[in-house]
Structure formats: C-alpha cells, structure tokens
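Asker: next comes the sequence, and after it the predicted model I'd like to discuss.
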Amino acid sequence: MIAALLLSLVAIFVFSGSADAAVFGTDERTRLDTHDAALEQKIGTLTATDNGSFCTAFCVAPDMIATASHCLFGTAATPGPKLRALRFKLAESTLFDAGTAIAGRAIANQSQHVISGTRRLAVMPPIGAAEDWAVAQLDQPVCKAGGLAMTTKSSAEIMQAAARGEIYQVAVHADLSDAKLHRGGPCVLDNQLHTISQSAISRDFLAPDSILFHTCDTGGGSSGSPLLINTPVGPEVVALNVGTYVRARSVPTARTSSPDAERGVPIANTAIAIPEIATAIAELTDRQPLTSRAAIRRVQQLLSTAGLYRGVISGSVSTALITAVKQFEEQQGAPVSGSLDQHLITDLERWHQNRAPQIMSLVPIRDATSRRQP
C-alpha cells in the first residue's frame, strides 16, 4: 500500500490502550525537580473514569483547563469518552482525590461548558491538528494556584527561544513507570523537516503555519500538555502538544486503530500555537454557562411563554430546548449558537419586558359611555 502521512492521535490519547512513545534520540524525560514543583499545582490529568484513558491538561483559570480536543471528543475515526465520565485531577492531588467533573453535569449541559477548535478531528490528510484544542470549565475551582499564563510571543520569537534551548514540555506519560509529571527538553522546534518536503506538509495538514513541529519526547497521555518558557513572572505556555506526525505503512481507520495497528516511524511531534486558546478562555469566562436546574427552568418558562418551547419544564437540557434557543436567537437577529448562558436569560427577560406593553396596547379599552344603558 502507498505510504501515507498521518497524525497518530489515537495512540497518543490511548484510545487503544497503547503506551507507545515518540522518543527522538536519547529519552530526556525526567521527574520534576524542586524548581518545577509548583507546576504540580497547575498541571494534571484528564481521565475517563469508564476506561481509564487519560490526557494531560493544565489550568488556565481557577475553574478552567485547556487540553487537546480529541481528549474530550475523540476523532473523526474514533469516538471519544462521554463528557460526564471525565475528571480532572491536579498532579499534586492525593490518590484519594476522585477528580473534578466538567461543569454542567447535573443538568446534562456539559458540552456548553467547552469551547474547542473542532469536535470531529480529521486524522486523515488534510489533518486538522491546528484545530485540536479545547478549553473546559470545571464544576469546582480546583486550580487554587490559578492558571498558567498564555504567552504573547510570536511564532518567530518562540522559534528563537527554542534555538536558545528555552522551551520545555511538562506532561504525564503512560509508557513511564509512574503517573507523575515529567519534564522534557529542551524542545527543538523545526518547521523545516528535512525528511519531509514542505509541499508534503502543506498537503498533509490544514493550516500548517499554526503547527509547531518539535522533538520533545512524548508518550501516551501527553496530548494536551503545555510547551513552556520561563519568564521573570513564571512559566508561560507557548504551545499545546497534540500528537505525533508519522509515516505509516497503512492508513488507520476506526477498525484498524488498535494496539496491533502498524503506526510507522515518528517524524516529529506536533504542537499548536495558542492565540485561539486565549480567546476561548475570555469567551468562556464572559459567557457564564448556566449550571443549575432553576436557571434552565427559567429559560424553559420564558421560551414557553414566547411560544418557542413546548417541552416539559424540567430543568434539564434537551434537543427541543436547544432548538428553541436557536429559534429565539434567529428571531432576534443574533448569532445562532444555542448557548444556554446568563446572557440568554437577560435577553429573554428583556424581550418579555418590551413585549408586555405591546400586548397590552392591543387590548381594546372601553370608554365610560360604552357601558351606559340605552
């Protein structure tokens, strides 16, 4: 079969239970030392409780984490875990810590607490690696030390820093003997891959300019881990690790993505720039997705009064409710998102307040003479 290029995200996310590593030369992964110990308060694992698969994730706010999109939603070839089964746990946590769920679990509203580049990652050329990012709000503010800062450095500045040996990666790796954070680096960033032509890279990836090819050593579970640079005010995230670029002898599908599938020789690991992630953090913070049944019932009642929702006032999210929200947004000339957030309640209440005087003005008012007897 003709050789094809692909991003082996299935192996990295351990959908298949694989602990394959992408090591370039000498394995440089080491346990965090005392200088890096504070990162255990900001980086951890996002684990699927139903099958034990995991990714690395890191805090970006007290109640928010960033990771790879395929860690939440899988890929176009392989389904991901159920959002309700995911738990985030900081590296400093004890064995008795069960982890924290994504917000909205109690009202089946978890998907609205996630912003991602894609929810159906293309793993066949053209590969959608540049879209493989996600930001998720947690049920509790467990990141008590706050979040890692997002760098404002340009790609050129990041490449220059890498050339000086300043970029490193921190992740959990399934192929190592413990589930502790390990530091790898310095990371070599090289977007001029000598074994692959630039035309091949452009053909194999969507938005290749948003991808940073690097040689930090990785193993299963390192998807979603940060590439970092130290600054006078602390570490900054310069990129998000998402997968490994390999040359495979056969193209994996939903059937062949298994522990026995031929995965080929790694060319480089891939990370993505973070401007979209920084924007998503601000958007999710501003959006304020609804988290209580009382709030959902309020939305249902307001939409029902408006004649758009005909379902049960249950306090749970349903397809009928999302459809009604989209209809309301369309009627108002707003962007159609179906988002259940505080802004929606404000808009609905404002609509009802403005609508009430209009309804009253349509009621005929009889003057006193109309009630007189002839």
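Answerer: Okay, I see it.

Asker: any idea how many residues pack against residue 116?
Answerer: Residue 116 has 23 neighbouring residues, counting by other C-beta atoms under 10 Å. For every residue, glycine as well, the C-beta is placed using N, CA and C.

Asker: excluding sequence neighbours, find me the nearest residue to it.
Answerer: residue 134 (3.7 Å; C-beta to C-beta, 6 or more residues apart in numbering).

Asker: just checking, that neighbour touches residue 111?
Answerer: No - look at residue 134 against residue 111 with C-beta atoms under 8 Å: they stay out of range, at 11.0 Å.

Asker: looking at these two, which is more packed in?
Answerer: More neighbours surround residue 134 than the other of residue 134 and residue 111, with 27 against 18 (other C-beta under 10 Å).

Asker: does the more buried one have beta-bridge partners, and which?
Answerer: Under DSSP bridges, the beta-bridge partners of residue 134 are residue 67, residue 116.

Asker: where do the helices of the stretch 51-200 of the chain begin and end?
Answerer: 70-73, 155-163, 198-204 (DSSP state H, counting those that start in this stretch).

Asker: still on that earlier bit, how far away is the residue nearest to residue 116 from residue 173?
Answerer: Distance, residue 134 to residue 173, using C-beta to C-beta, to the nearest Å: 20 Å.

Asker: picking up where we left off before, can I get the helices of the stretch 51-200 of the chain in a markdown table including mean pLDDT?
Answerer: Formatted as a markdown table, the helices of the stretch 51-200 of the chain follow (pLDDT from 0 to 100):
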| stretch | mean pLDDT |
| --- | --- |
| helix 70-73 | 94 |
| helix 155-163 | 92 |
| helix 198-204 | 86 |
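
Asker: those helices: which one's closest to residue 44?
Answerer: Residue 44 lies closest to helix 70-73 among these, at 12.4 Å (C-beta to C-beta).

Asker: chain center to that closest one: distance?
Answerer: 7 Å (C-alpha atoms, centre = their mean, to the nearest Å).

Asker: for that helix, packing partners?
Answerer: If contacts are counted by 3 or more C-beta pairs under 8 Å, 6 or more residues apart in numbering; DSSP states H and E, helix 70-73 sits against helix 9-13, strand 114-116, strand 134-137.

Asker: and the shortest one, what other elements does it pack with?
Answerer: By that I understand strand 114-116. Packed next to strand 114-116, using 3+ C-beta pairs under 8 Å, 6+ apart, are helix 70-73, strand 134-137, helix 275-287.

Asker: now do it, average pLDDT.
Answerer: In this model, strand 114-116 has a mean pLDDT of 94.

Asker: residues making contact with that strand?
Answerer: 69, 72-73, 83, 102, 131, 133-137, 280, 283-284 (C-beta atoms under 8 Å, 6 or more residues apart in numbering).

Asker: closest to residue 225 among the residues you listed?
Answerer: Distance to residue 225 across those (C-beta to C-beta) is lowest for residue 133, with 12.1 Å.

Asker: count the neighbours of the closest residue to that closest one other than its chain neighbours for me.
Answerer: Spatial nearest neighbour of residue 133, chain neighbours left out: residue 117 (4.8 Å); criterion: C-beta to C-beta, 6+ apart. Using other C-beta under 10 Å, residue 117 has 22 other residues around it.

Asker: cool, and residue 353?
Answerer: 9.

Asker: for residue 302, see how far away it is.
Answerer: Residue 353 is 11 Å from residue 302, by C-beta to C-beta.

Asker: and residue 74, by the same measure?
Answerer: Distance, residue 74 to residue 302, by C-beta to C-beta: 35 Å.

Asker: low-confidence ranges in the stretch 251-374 of the chain?
Answerer: Scanning the stretch 251-374 of the chain for pLDDT under 70 picks out 251-264, 356-374.

Asker: kindly report the same for the stretch 51-200 of the chain.
Answerer: Using pLDDT under 70, the flagged stretches of the stretch 51-200 of the chain are 194.

Asker: all strands for it, in order.
Answerer: 54-61, 64-67, 86-90, 114-116, 134-137, 149-150, 167-171, 182-184 (DSSP state E, counting those that start in this stretch).

Asker: what's the third one in contact with?
Answerer: Going back to what we said before, that points to strand 86-90. Against strand 86-90 from outside (C-beta under 8 Å, 6+ apart): 40-49, 57, 59, 65, 72, 97-102, 136, 138, 142-143.

Asker: put the buried members of those residues into a ChimeraX selection.
Answerer: Command for ChimeraX that selects the buried part of these, burial taken from 16 or more other C-beta atoms under 10 Å:
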select :40,41,42,43,44,45,46,47,48,57,59,65,72,99,100,101,102,136,138,142,143
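
Asker: biggest helix in the chain by residues?
Answerer: For the chain, the helix with the greatest residue count under DSSP state H is helix 342-361.

Asker: just the C-alphas of that helix, formatted as CSV.
Answerer: Extracted C-alpha coordinates of helix 342-361, given in CSV (Å, rounded to 0.1, in the frame of the first residue of the first chain):
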residue,chain,number,x,y,z
GLN,A,342,-26.7,34.2,31.6
HIS,A,343,-26.7,36.4,28.5
LEU,A,344,-29.6,34.3,27.1
ILE,A,345,-31.7,34.8,30.3
THR,A,346,-31.0,38.6,30.2
ASP,A,347,-32.1,38.7,26.5
LEU,A,348,-35.2,36.7,27.1
GLU,A,349,-36.3,38.8,30.1
ARG,A,350,-35.6,42.0,28.2
TRP,A,351,-37.7,40.7,25.3
HIS,A,352,-40.6,39.9,27.6
GLN,A,353,-40.4,43.3,29.3
ASN,A,354,-40.5,45.0,25.9
ARG,A,355,-43.2,42.7,24.6
ALA,A,356,-45.6,43.2,27.5
PRO,A,357,-46.5,46.8,26.7
GLN,A,358,-47.1,45.8,23.1
ILE,A,359,-49.5,43.1,24.1
MET,A,360,-51.3,45.5,26.5
SER,A,361,-51.7,48.1,23.7
